[in-house]
Structure formats: C-alpha cells, structure tokens
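Trainee: Below are the sequence and a predicted model; questions follow.
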Amino acid sequence: MADHDKLLQQLVDKLKAAQGKSLVSVILYGSAAAGDHHAAYSDLNVFCVLTAVTPKELAASEPIFHWWREQHHPAPLLMSVEEVRESTDCFPIEFMDMRERRRVLYGEDVVANLVIEEVFYRAQVEHDLMAKLLRLRQKAAGVLSDNELLLRLMADSVSTFCILGRHALRLAGVESAWSKREIVAACVQHFSLTGQSFYTLLDLREGRAKARDIDAAGLFEKYLADIGALIEAVDRLER
C-alpha cells in the first residue's frame with residue numbers, strides 16, 4: 001500500500017469515528033485520483049459529504065482537520081448531501097473533475113449521477129483562466145527579481161493551468177488524457193501556444209531540470225504568452 005493510501009485510510013477512520021451516521025461519503029479527487037500525483041507539489045484533495053454541516057459537525061472535524069493539515073494537505077471540503085445536489089452550477093469544474101476521475105474511499109458515490117450544465121461549465125473555465133492569470137501576475141510583481149521565488153511561483157501554478165487547459169480542450173470537443181504532459185501536447189496541437197514554458201516547468205517539478213540553469217524572467221515571459229494563447233483559444237470557441 002502506498003504511503004498516501006495509508007494516510008487516507010487513517011483520515012477515513014478518524015472521520016467515521018467523529019461523524020458517525022452523519023458521514024455519507026469520503027471521496028479522493030484531483031491529481032492523486034487521476035494517477036498524476038507528485039509528492040513535492042501535489043496535495044491529497046478529499047471531499048467529505050455529511051447529512052448536514054452545522055457547528056456540531058465542524059467542531060467534531062476540528063482536530064481531524066488540524067491533524068490533516070499537519071500532514072501538509074488542505075482541509076477536506078465539507079458539504080451536505082443537499083448542497084452537493086444544488087451546487088453543480090456553482091462548481092461545475094470541480095464536480096466535472098470528480099465525476100470523471102475519483103476514488104470513493106467510504107460510503108456512497110454521491111457524484112456519479114450529477115448533471116452539470118454546459119453554460120455554467122464554460123463560464124467557470126473562462127473565469128478561472130483569467131482569475132488565475134491575474135493572480136499569477138499579481139504575485140510575480142513581488143518576486144520578479146528573485147530567480148528562485150519566481151520559478152517556484154510558476155512551478156506551483158502550472159498544475160492549475162494544465163487542469164484548466166484540459167477543460168478548455170473539453171469545451172472544444174477534444175478528449176484529453178489526465179497527465180499534465182499529455183494535456184500540454186493536446187493544447188499545442190489544438191490551440192495556438194508553443195507549450196515550451198509548460199514543459200520546462202514540468203521538467204523543473206519532476207527534477208529533470210535544475211533551477212540554476214533556467215532564466216526565470218525569460219521563462220515567465222513565455223509562460224504568460226502561452227497562458228494568454230490558451231485564454232484566447234477559449235474566447236474563440238463557439239458559444
């Protein structure tokens with residue numbers, strides 16, 4: 001059993017003990033569920049569904065969430081069964097990802113039959129691409145002169161833009177694999193971006209490239225151009 005599988009089982013056991021019959025489902029989603037987990041950069045993302053989420057359930061969760069964060073993973077996402085049914089218009093990307101690739105760690109598969117409307121899905125892809133770009137530029141403005149910090153910022157963000165690239169491909173009617181390199185290759189094929197900045201950052205994440213050999217400022221310029229080309233490709237898609 002992989003180390004993260006043991007950790008996930010511990011989490012499930014703690015949630016079961018704390019929430020009892022209120023616990024409906026525990027689902028692993030994200031890169032770990034897709035088989036593209038990278039220990040240095042990836043989190044274990046967990047979706048926890050309860051019959052209700054009140055201060056009582058939150059209090060029962062508090063020590064578990066403290067422990068989970070000590071394992072360097074974000075706190076599980078808590079929702080009630082009713083909230084799951086009524087939130088597909090608010091979180092279409094997240095639920096689309098869960099619907100296509102997930103591991104049910106405990107209980108019911110509450111995601112399998114969710115209906116996600118295309119209009120909300122497209123709107124969130126467009127919104128998130130621009131919002132993440134603005135956030136990237138905002139953070140970069142404070143570290144442009146620091147090669148190491150700028151590279152780290154880009155390396156931390158590339159996974160998000162790969163995910164959004166996969167959703168852009170889906171909007172264009174192109175089915176893509178889940179691995180980040182295959183997503184980039186498909187985006188290069190179908191959209192007007194070079195993809196080289198993405199490949200360099202993935203090489204850095206995977207230890208295939210050394211930070212000292214990379215011109216961070218030059219790479220950042222190419223990275224912004226590739227992200228911009230991805231945004232323009234989504235804008236050009238028929239509505």
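Mentor: On my side now, so go ahead. This structure is a prediction, so every number in the text was calculated from the model and none was measured. Numbering: from 1, shown residues only.

Trainee: what comes into contact with stretch 25-34?
Mentor: Stretch 25-34 is contacted from outside by 4, 8, 11-12, 15, 37-38, 42-49, 76, 94, 97-98, 101-111, 159, 178, using CB atoms under 8 Å, 6 or more residues apart in numbering. Any C-beta I mention is one placed from the backbone N, CA and C, and that applies to glycine too.

Trainee: quick one: which of the residues you listed sit in strands?
Mentor: Those of these mapping onto strands are 45-49, 103-107, per DSSP state E.

Trainee: List the contacts of the closest residue to L77 other than its chain neighbours.
Mentor: Nearest residue to L77, sequence neighbours excluded (CB to CB, 6 or more residues apart in numbering): F47, at 5.0 Å. Listed by CB under 8 Å, 6+ apart, the contact set of F47 reads 25-29, 76-77, 79, 98, 102, 111.

Trainee: what's the domain layout of this structure?
Mentor: For the chain, automatic domain parsing gives the domain ranges 3-107, 118-236.

Trainee: Give the rounded mean pLDDT of the lengthiest helix in the chain.
Mentor: The longest helix of the chain (DSSP state H) is helix 147-171. Average pLDDT, helix 147-171: 95.

Trainee: Stretch 34-54 now?
Mentor: 79.

Trainee: and if you look at stretch 222-235?
Mentor: For stretch 222-235, mean pLDDT rounds to 96.

Trainee: Tell me the secondary structure at L28.
Mentor: Three-state call for L28 (DSSP: H, G, I helix; E, B strand; the rest coil): strand.

Trainee: actually L144, not the one I wrote
Mentor: coil.

Trainee: who's in contact with it?
Mentor: Going by CB under 8 Å, 6+ apart, the list of residues near L144 reads 150, 217, 220.

Trainee: Now a ChimeraX select for only the buried ones of the residues you listed.
Mentor: In ChimeraX, this line selects whichever of these come out buried by 16 or more other CB atoms under 10 Å:
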select :150,220
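
Trainee: ok, of the contacts of L144, which one's closest to G207?
Mentor: Distance to G207 across those (CB to CB) is lowest for L150, with 18.7 Å.

Trainee: Once you drop chain neighbours, what's closest to the closest one?
Mentor: A216 (4.1 Å).

Trainee: wait, the one you found sits on S145?
Mentor: No. Between A216 and S145 there is no contact under CB atoms under 8 Å: 9.5 Å.

Trainee: list the buried ones in stretch 25-36?
Mentor: Neighbour-count burial for stretch 25-36 flags 25-34, 36 (criterion: 16+ other CB under 10 Å).

Trainee: ok, back up a step: is it possible to get CSV of the ones in strands among the contacts of stretch 25-34 that adds distance to M130?
Mentor: What follows is those, written out as CSV (distance: CB to CB, whole Å):
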residue, distance to M130
N45, 23
V46, 28
F47, 26
C48, 30
V49, 30
R103, 31
V104, 33
L105, 34
Y106, 37
G107, 36
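
Trainee: quick one: which two of those are the most distant?
Mentor: Among the ones in strands among the contacts of stretch 25-34, N45 and G107 lie farthest apart (CB to CB), at 17.0 Å.

Trainee: Looking at these two, which is more packed in?
Mentor: N45 (20 against 16; other CB atoms under 10 Å).

Trainee: Fine by me, we can end here.
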